[in-house]
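# Compute the structure for the input listed below.
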Amino acid sequence: MKLFSLFFIFLVIVLATNYINAFTRNDFQEDFLFGAAISAYQWEGAFDEDGKTPSVWDTTSHCYNGSNGDVACDGYHKYKEDVKLMAEMGLEAFRFSISWSRLIPNGRGSINPKGLLFYKNLIKELRSHGIEPHVTLYHYDLPQCLEDEYGGWINRKIIEDFTAFADVCFREFGEDVKLWTTINEATMFAIGTYGEGVKFGHCNVTKSINCSTKKTCVETYLAGHNMLLAHASASNMYKLKYKSKQRGSIGLSIFAFGLSPYTNSKDDEIATQRAKAFLYGWMLKPLVFGDYPDEMKSTLGSRLPVFSEEESEQVKGSSDFVGIIHYQTFYVTITYQPGPSFLSTINKGFYKDMGVNLISNEITSSVEDPNPWGLEHDLEYLKQSYNNTPIYILENGFPSQHDSMLQDTPRVEYIKAYIGVVLNAIKNGSDTRGYFVWSMIDLYELLDGYMYSYGLYYVNFSDPGRKRSPKLSASWYSGFLNGTIDIASRDITQFQSNFSGSSSSRFVVTFWWAEKD
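Okay, the predicted model is just below:
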């Protein structure tokens, strides 16, 4: 039989109903931050303007459909318009990244004055509208010149260069930025960029360069090790030079799948703990306790780099918070399952090392499974296993085919359900301090280009002016933040009707009927 994604939409709504009760913004602490996020390459465009040099994304980001981020949302020229939209929505915080090759075109040395001015103006614009900037220093976009010179993150030279880049950012922007993330989803970056299956960065399958399973079985962990050392170096430098005056916080983010045993068997329980060691503990164990998980050390042997005593002390405690990137939940089993698994397609070596199988519902091949409880379980696990380190959920969102609809009811239900389980986790003692929707507006997406989008605002990428239009989700999020709607599942039909009546959109509202045998 054919399985259509209409069932997926129904499932999102059912899950949202099951995992949420009525709540308001006031149920969260006043200093809890609700925001939305983008990244430099996916939003800015202006890929070769005003002194910017190529990053690895500029070089290798062309997807199967030939798209790229040369213009993207044109945020470089339209940032004031976007900040105005944020303010009208009532957004409390905005997470964005700084393009290393726009700020320091040669990777080290001279600062690009026009790049510096752009980020100063963006931060000033946010502050003037009462929006808290949360800045990510590195979101996959290594200057191509550093990749060419020494291979990027597999070389320890990156530690010094990244620290110098961070120093510039802290010095120039730190008076107005109180929340810093050093490296975006470090785990998935190392797995994907130094595996065989992602079309950008060090290991580029479109040209079959720098890639072999033998190399990635070493380079994946070497890159991750250098990320931890670079993060610690930048963090400790910030605390020595800037923290007493600027009073900011600095952290690192990981990609955190929800992980749950596939069966009630003891073997699957053990497999789940092993998956958590590789996918969470790889970064978090050193950050909190100073060394890698025992499961990784016993499996990898000499392929896993070793911290010196001094390095261990530098890394331990170097994160004031942990950023969580969460979209979906996998079931974990020790039993072989036929067909490819998500991680096995992007890094066979890592998947083999982890030694477990990850299973999703696979309602569609392109859409994240809607399991809000997976995030709640993540937050509980991190509370219990990592000393209840402060958490910011830096990305959580729902994809849909671009141009499919402005009346994005499934996205509303998805976001509402996940915010609800965050509130549950906080009530159970999790020190979660913020939630950021991915994404503020439709972006150039990492693997899918412009085929799928996550935005609260629609962007017409066929329009040279990149016109923005609010989706239902933008109106809902605004109503939630401003306290003008009662957050209960039964209200969505009336809210949807109100949006339809007030929307000036001429887009046809359709469902995505992706077929699956």
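
# all helices in the stretch 201-350 of the chain, in order from the N-terminus.
Along the stretch 201-350 of the chain, counting by DSSP state H, counting those that start in this stretch, helices occupy 213-241, 243-246, 266-276, 282-289, 294-300, 309-315, 342-346, 348-354.

# Comparing the ones you listed, which yields the minimum mean pLDDT?
With a mean of 59, helix 342-346 has the lowest mean pLDDT of those.

# still on that earlier bit, can you tell which of the helices of the stretch 201-350 of the chain is closest to L259?
Proximity to L259, assessed across the helices of the stretch 201-350 of the chain by Cβ to Cβ, is greatest for helix 266-276 (5.2 Å). C-beta here means a position set from N, CA and C on the backbone, and glycine is covered the same way.

# before we move on, the earlier item: most tightly surrounded among the helices of the stretch 201-350 of the chain?
Of all the helices of the stretch 201-350 of the chain, helix 282-289 carries the top mean neighbour count, a mean of 23, counting by mean count of other Cβ atoms under 10 Å.

# returning to what we had before: how about the helices of the stretch 201-350 of the chain in JSON lines, adding distance to D161?
JSON lines is the format used below for these (distance: least, Cβ to Cβ, whole Å):
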{"stretch": "helix 213-241", "distance to D161": "9"}
{"stretch": "helix 243-246", "distance to D161": "22"}
{"stretch": "helix 266-276", "distance to D161": "32"}
{"stretch": "helix 282-289", "distance to D161": "20"}
{"stretch": "helix 294-300", "distance to D161": "27"}
{"stretch": "helix 309-315", "distance to D161": "17"}
{"stretch": "helix 342-346", "distance to D161": "26"}
{"stretch": "helix 348-354", "distance to D161": "26"}
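
# do you know which of the ones you listed lies nearest M89?
With Cβ to Cβ as the criterion, M89 lies closest to helix 243-246 of the helices of the stretch 201-350 of the chain, at 27.6 Å.

# start to end distance for stretch 329-348?
One end of stretch 329-348 sits 20 Å from the other (Cα to Cα, to the nearest Å).

# How about stretch 423-442?
27 Å.

# same check, this time on stretch 379-396
The first-to-last residue distance of stretch 379-396 comes to 14 Å (Cα to Cα).

# Now do the buried residues in it.
Under the neighbour-count criterion of 16 or more other Cβ atoms under 10 Å, stretch 379-396 has 379, 381-383, 385-386, 389, 391-396 buried.

# Out of these, which sit inside strands?
In strands, defined here by DSSP state E, the members of these are I391, Y392, I393, L394, E395, N396.

# Can you add pLDDT and distance to M405 and give the residues you listed back as a markdown table?
Shown next, in a markdown table, are those (pLDDT from 0 to 100; distance: Cβ to Cβ, whole Å):
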| residue | pLDDT | distance to M405 |
| --- | --- | --- |
| I391 | 99 | 32 |
| Y392 | 99 | 30 |
| I393 | 99 | 25 |
| L394 | 99 | 26 |
| E395 | 98 | 22 |
| N396 | 98 | 20 |
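
# Look at the closest residue to S99 other than its chain neighbours and say how many residues are nearby.
With Cβ to Cβ, 6 or more residues apart in numbering as the criterion, S99 has its nearest non-adjacent residue at 4.0 Å, and that residue is A40. For A40, the count of nearby residues is 28 (other Cβ atoms under 10 Å).

# Kindly report the same for Y477.
Residues within reach of Y477, counting by other Cβ under 10 Å, total 25.

# Surely it touches I415?
Yes. The criterion here is Cβ atoms under 8 Å, and Y477 meets it with I415 at 6.9 Å.

# joint contacts of those two?
V437 (Cβ atoms under 8 Å, 6 or more residues apart in numbering).

# Report pLDDT for Q337.
We note a pLDDT of 62 for Q337 in this prediction.

# How about the contacts made by the residue lying closest to R468 once chain neighbours are set aside?
The shortest distance from R468 to any non-neighbouring residue, by Cβ to Cβ, 6+ apart, is to Y457 (4.7 Å). Counting by Cβ under 8 Å, 6+ apart, Y457 makes contact with L85, M440, I441, D442, R468, S469, P470, K471, A474.

# Redo the residues you listed as CSV? Include secondary structure and neighbour count.
Shown next, in CSV, are the contacts of Y457 (DSSP: H, G, I helix; E, B strand; the rest coil; neighbours: other Cβ atoms under 10 Å):
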residue, secondary structure, neighbour count
L85, helix, 20
M440, coil, 30
I441, strand, 27
D442, coil, 29
R468, strand, 21
S469, strand, 18
P470, strand, 23
K471, coil, 27
A474, helix, 28
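
# Which pair of these spans the longest distance?
M440 and S469, at 13.4 Å, using Cβ to Cβ across the contacts of Y457.

# circling back: pairing-wise in the sheet, spell out the partners of the residue nearest to R468.
Beta bridges link Y457 to I441, P470, judged by DSSP bridges.

# Please tell me how far it sits from T484.
19 Å (Cβ to Cβ, to the nearest Å).

# same thing with K427?
With Cβ to Cβ as the criterion, K427 and T484 are 24 Å apart.

# re earlier: tell me which of the helices of the stretch 201-350 of the chain approaches D148 most closely.
With Cβ to Cβ as the yardstick, what comes closest out of the helices of the stretch 201-350 of the chain is helix 213-241 (16.3 Å).

# The closest one vs helix 282-289, what angle?
30 degrees (axes from the mean of the first three to the mean of the last three Cα atoms, to 10 degrees).

# Which strands or helices does helix 213-241 pack on?
In terms of contacts (3 or more Cβ pairs under 8 Å, 6 or more residues apart in numbering; DSSP states H and E), helix 213-241 is packed against helix 157-173, strand 179-183, helix 186-193, strand 249-255, helix 282-289, helix 309-315, helix 348-354.

# Which of those sits closest to Y331?
helix 348-354 (14.4 Å).

# Please work out the average pLDDT along the following helix or strand past the closest one.
Counting by DSSP states H and E, the element after helix 348-354 in chain order, helix or strand, is strand 357-359. Mean per-residue pLDDT for strand 357-359: 90.

# Figure out how far strand 357-359 is from the centre of its chain.
Relative to the mean C-alpha coordinate of its chain, strand 357-359 is positioned 21 Å out (Cα atoms, centre = their mean, to the nearest Å).

# likewise stretch 121-132?
What separates the centre of stretch 121-132 from the centre of its chain is 22 Å, taken as Cα atoms, centre = their mean.

# Buried residues in that stretch, which are they?
Neighbour-count burial for stretch 121-132, with 16+ other Cβ under 10 Å as criterion, is recorded at L122, I123, E125, L126, I131, E132.

# and the fifth one, what does it touch?
When you say that, I think you mean I131. Going by Cβ under 8 Å, 6+ apart, I131 touches G35, V83, M86, A87, L91, E92, A93, F94.

# Please tabulate the residues you listed in a markdown table, including the columns pLDDT and secondary structure.
Listed next are the contacts of I131 as a markdown table, based on pLDDT from 0 to 100; DSSP: H, G, I helix; E, B strand; the rest coil:
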| residue | pLDDT | secondary structure |
| --- | --- | --- |
| G35 | 99 | strand |
| V83 | 99 | helix |
| M86 | 98 | helix |
| A87 | 98 | helix |
| L91 | 98 | coil |
| E92 | 99 | coil |
| A93 | 99 | strand |
| F94 | 99 | strand |
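
# where are the low-confidence patches of the stretch 1-150 of the chain?
1-21, 62-66 (pLDDT under 70).

# just the helices in it please.
Along the stretch 1-150 of the chain, counting by DSSP H, counting those that start in this stretch, helices occupy 5-18, 40-43, 56-60, 75-89, 100-103, 113-128, 144-150.

# okay, those helices in CSV with distance to A190 next?
Output for the helices of the stretch 1-150 of the chain, formatted as CSV (distance: least, Cβ to Cβ, whole Å):
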stretch, distance to A190
helix 5-18, 30
helix 40-43, 18
helix 56-60, 14
helix 75-89, 27
helix 100-103, 18
helix 113-128, 26
helix 144-150, 15
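
# Alright, that wraps it up for me.
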